[in-house]
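> any chance you can model this:
(2 chains)
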Amino acid sequence: MRVVLAEDLFLLRDGLVRLLEAHGFEIAAAVESGPALARALAELEPDVAVVDVRLPPTHTDEGLQCALNARRDRPGLPVLVLSQHVEQLYARELLADGSGGVGYLLKDRVFDAEQFVDAVRRVAAGGTAMDPQVIRQLLARRAADDQPLARITPREREVLELMAQGRSNAAIAGKLVVTERAIAKHTANIFAKLGLEVSDDDNRRVLAVLAFLDRGR
Amino acid sequence: METRNGSWGTRARGIGLAAVRGLALALVTLPGALLGFTLSLVSICLVPVGIGAFTTPWVLTGVRAFADWRRVLAAEWYGVRIPSAYRPIPENAHAWARTYAMLRDPATWRDLRWLQVDMTAGFVTALLSAALVFYPLEGLAVAAGLWRPLAETGGYWYGFVRVADQTSALAAGALGIALLALTPLAPRLLTLHFRLTRAVLGAGQGELAERVRVLTETRRDAVDTSAAELRRIERDLHDGAQARLVAMGMDLGTIEMLLDKDPAQAKRLLAQARQSSADALTELRDLVRGIHPPVLAERGLGDAVRALALRMPVPTEVIVDLPGRADAPVESAAYFAVSEALTNAVKHSGADRIWIDLHHVKEGHVKEGAGMLRITVTDNGRGGAVIGAGSGLAGVERRLGTFDGVLAVSSPAGGPTMVTMEIPCV
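Presented below is the predicted three-dimensional model:
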């Protein structure tokens, strides 16, 4: 799997290259600026891009803009965006086209190599990887006076959180130490309570949940 | 032709608006100024007795709010900017100290002078600008048939015409049409009203010294605030991230030692070290957000406020109309002012909806083509918000003061609350 990596801090870039290579990824390019990233995305046609939000020369959200532009030119181009802080505003922009293949994680998540690599793979396969903090922010905002969410049990809420992060039933089952069938039952309940249409497709399911959480805000 | 119609339309609108504004202003001005002046006078007279010391700060604060409201109207309606130069009232001070400070402020006496002008000349100019428009219309109404009921009640004079029958009513109508020619004076008269207000209320040339004093004060505030901020940051770093890194280093040292002897224990410590580093990062992130929020750096004020709104527990709508980015210090001050106003609204108002409006106003009337960043934060809560009294709005006022910005709060009991902030910028 070919990866284009954009990160301006040398230590972190180097670390990410080593981490990804150790897990069998091929680094097509590891760049350190916005323009270089734009070029690499256009010319190298990677399977997935791992991009830092803030890049030189402007040190604004150049990386994010590059990623969004590239996805406009090549819809569905898998992009995993990394940042020192997560904002619902950015998550919304990344998810706006509704086509999946999007990840948005805190840089801290790199600490857990297995989970991080899993997230990269998931995004590359057209799935979603949203940072737990984004999901918690979304839930916190809806929780106050929300009717459908109030009907959800604490356990179902845990499942909902993990599901919104983009994890599959199998992964959620592993994390909560229960069977996949139990999770499937929880998901069915959650979808019924939230009034969402059930879908077997994991990606569509995640996008539906995220859209629900972000609705009307 | 169309452009002509358009310009006629806007002129007519301007005249009508002036009439309505004049009438509203006249209705508020007279009772407001009378009440303010009387209460101030009584309260100040009662200072020697003792009671006045407790009532005076309240009354004078009310008068200031009344004057500030007029400053806002003057700027919004006719672009007449009336600078405000009140000395800050010492917080947490004894009532006597506050009364003394307020009575020593020349701006207080200027306010009282203005109230007298406002209830006389101010009232007349406001009412006249309304009368200029409504009186001709009355003439037309008389001619159209209103004369019948009026004539029945006895002698009715329209101007110098005594209206008794249709003929004299038509004469009144003709007079009304003639008077219609004077209506374009209405907006000018109302502008004159605000110029008059500025002449009395605005700080004059002789008060440059006062301006210097205000600048000194705000500068000291700014320096104090930033020094306090630095102390807070130092403490947070010292007790937070720094301490965690020390713990992590110690853990790593122990791990090195245990690696051969007790791999299981080493593994446990490794997990602990990783947790320490994650915690340190979280703390640093929160700290950074308090110093200069990353979205502000990346996207500017508009998106930073949008991101802030998304974090609020109360549904918050944001409307942004900014042509470009302001200077970084102005952006930062504006961001934290909005943040404070929002926190205030969420904590105290009990609102279930908040609206934020950010826009840039170009002022033709201001020299050097300078503009204003105007921000309003409105909530549908219970109202009753005041500057000071630990509401956090006093902090906002101080923050904005450094940039010659102003804060106005309109918050009647029962709501809604509207906090307006203005910061001069290019």
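
> show me where pLDDT drops low in chain A?
A:143-146, A:216-217 (pLDDT under 70).

> all helices for it, in order.
Counting by DSSP state H, one finds helices in chain A at the ranges A:10-22, A:34-44, A:62-73, A:88-95, A:113-124, A:132-143, A:147-150, A:154-164, A:169-176, A:180-194, A:202-214.

> which positions in the shortest one come out as buried?
Going back to what we said before, that points to helix A:147-150. Under the neighbour-count criterion of 16 or more other C-beta atoms under 10 Å in any protein chain shown, helix A:147-150 has A:Leu149 buried. C-beta coordinates here come from the backbone N, C-alpha and C atoms, glycine included.

> who are the packing partners of it?
Contacts defined by 3 or more C-beta pairs under 8 Å, 6 or more residues apart in numbering or on different chains; DSSP states H and E place helix A:147-150 against helix A:132-143, helix A:180-194.

> so A:Val206 sits right up against A:Met163, yeah?
Yes. If you go by C-beta atoms under 8 Å, A:Val206 and A:Met163 touch, sitting 6.5 Å apart.

> tell me how far the nearest residue to A:Glu180 once chain neighbours are set aside lies from A:Arg181.
Spatial nearest neighbour of A:Glu180, chain neighbours left out: A:Ala173 (4.5 Å); criterion: C-beta to C-beta, 6 or more residues apart in numbering or on different chains. Distance of A:Ala173 to A:Arg181, computed by C-beta to C-beta, to the nearest Å: 8 Å.

> who's more crowded, those two?
For the pair A:Ala173 and A:Arg181, the greater number of neighbours falls to A:Ala173 (20 against 10), based on other C-beta atoms under 10 Å in any protein chain shown.

> any idea of the mean pLDDT in stretch B:304-318?
Mean pLDDT, stretch B:304-318: 91.

> quick one: that stretch near chain A?
Yes. Counting by C-beta under 8 Å from any C-beta of the partner chain, chain A is contacted by stretch B:304-318 at B:Arg306, B:Ala307, B:Leu310, B:Arg311, B:Met312, B:Pro313, B:Pro315.

> skipping adjacent residues, who's closest to the third one in space?
Nearest-residue entry for B:Leu310: A:Gln88, 4.4 Å, with adjacent residues in sequence omitted and distances by C-beta to C-beta, 6+ apart.

> go on, the fourth one?
Closest residue to B:Arg311 in three dimensions, ignoring its sequence neighbours and counting by C-beta to C-beta, 6+ apart: A:Gln137, at 6.6 Å.

> hmm, that neighbour is touching B:Leu308, no?
No. Contact criterion C-beta under 8 Å: A:Gln137 and B:Leu308 do not qualify, at 11.9 Å.

> who has more neighbours, those two?
B:Leu308 (22 against 18).

> return the set of buried residues in the helix or strand that one falls within.
Using DSSP states H and E, B:Leu308 sits in helix B:301-311. For helix B:301-311, a neighbour-count test (16+ other C-beta under 10 Å) marks B:Leu301, B:Gly302, B:Asp303, B:Ala304, B:Val305, B:Arg306, B:Ala307, B:Leu308, B:Ala309, B:Leu310 as buried.

> which residues of chain B lie near chain A?
Near chain A, when you scan chain B using C-beta under 8 Å from any C-beta, you find B:274, B:277-278, B:281-282, B:285, B:288-289, B:294-295, B:297-299, B:303, B:306-307, B:310-313, B:315, B:352.

> now which of the residues you listed would you call buried?
Of the residues of chain B next to chain A, these count as buried by 16+ other C-beta under 10 Å: B:277-278, B:281-282, B:285, B:294-295, B:297-299, B:303, B:306-307, B:310, B:312, B:315.

> about what we covered before: packed most tightly, which of the helices and strands packed on helix A:147-150 would that be?
Most buried of the helices and strands packed on helix A:147-150, by mean neighbour count (mean count of other C-beta atoms under 10 Å in any protein chain shown): helix A:132-143, with a mean of 18.

> now what about that one, what contacts it?
With contact meaning C-beta atoms under 8 Å, 6 or more residues apart in numbering or on different chains, helix A:132-143 is reached by A:86, A:88, A:91, A:104, A:106, A:149, A:157, A:160-161, A:164-165, A:210, A:213-214, A:217, B:310-313.

> roughly how far does the closest residue to chain A within the stretch 1-150 of chain B sit from B:Ala326?
Residue nearest to chain A within the stretch 1-150 of chain B: B:Glu76 (30.6 Å; C-beta to the nearest C-beta). As judged by C-beta to C-beta, B:Glu76 and B:Ala326 stand 20 Å apart.

> how about B:Ala33: what's its closest non-neighbour residue?
B:Met119 (3.8 Å).

> now do the contacts for the one you found.
B:Met119 neighbours (C-beta under 8 Å, 6+ apart): B:Thr29, B:Leu30, B:Ala33, B:Leu34, B:Phe37.

> for the second one, grab the count of nearby residues.
Other residues near B:Leu30 number 18, with proximity taken as other C-beta under 10 Å.

> name the helix or strand for it, please.
Assigned by DSSP H and E, B:Leu30 belongs to helix B:2-45.

> which neighbouring elements make contact with that helix?
Against helix B:2-45 (3+ C-beta pairs under 8 Å, 6+ apart) you get helix B:51-78, helix B:106-117, helix B:123-141, helix B:185-201.

> what about residue 118, neighbour count?
Reading this off chain A. Neighbours around A:Asp118, by other C-beta under 10 Å: 18.

> that was the other one, I meant chain B.
The burial count for B:Asp118: 29, using other C-beta under 10 Å.

> is it correct that it is in contact with B:Thr29?
Yes. The criterion here is C-beta under 8 Å, and B:Asp118 meets it with B:Thr29 at 5.7 Å.

> hmm, back to that, give me the buried subset of the contacts of helix A:132-143.
Buried members of the contacts of helix A:132-143, scored by 16+ other C-beta under 10 Å, are A:86, A:88, A:91, A:104, A:106, A:149, A:160-161, A:164-165, A:210, A:213-214, B:310, B:312.

> just put the helices and strands packed on helix B:2-45 in TSV and tack on mean neighbour count and mean pLDDT.
Listed next are the helices and strands packed on helix B:2-45 as TSV, based on neighbours: other C-beta atoms under 10 Å in any protein chain shown; pLDDT from 0 to 100:
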stretch	mean neighbour count	mean pLDDT
helix B:51-78	19	88
helix B:106-117	18	89
helix B:123-141	20	88
helix B:185-201	20	87
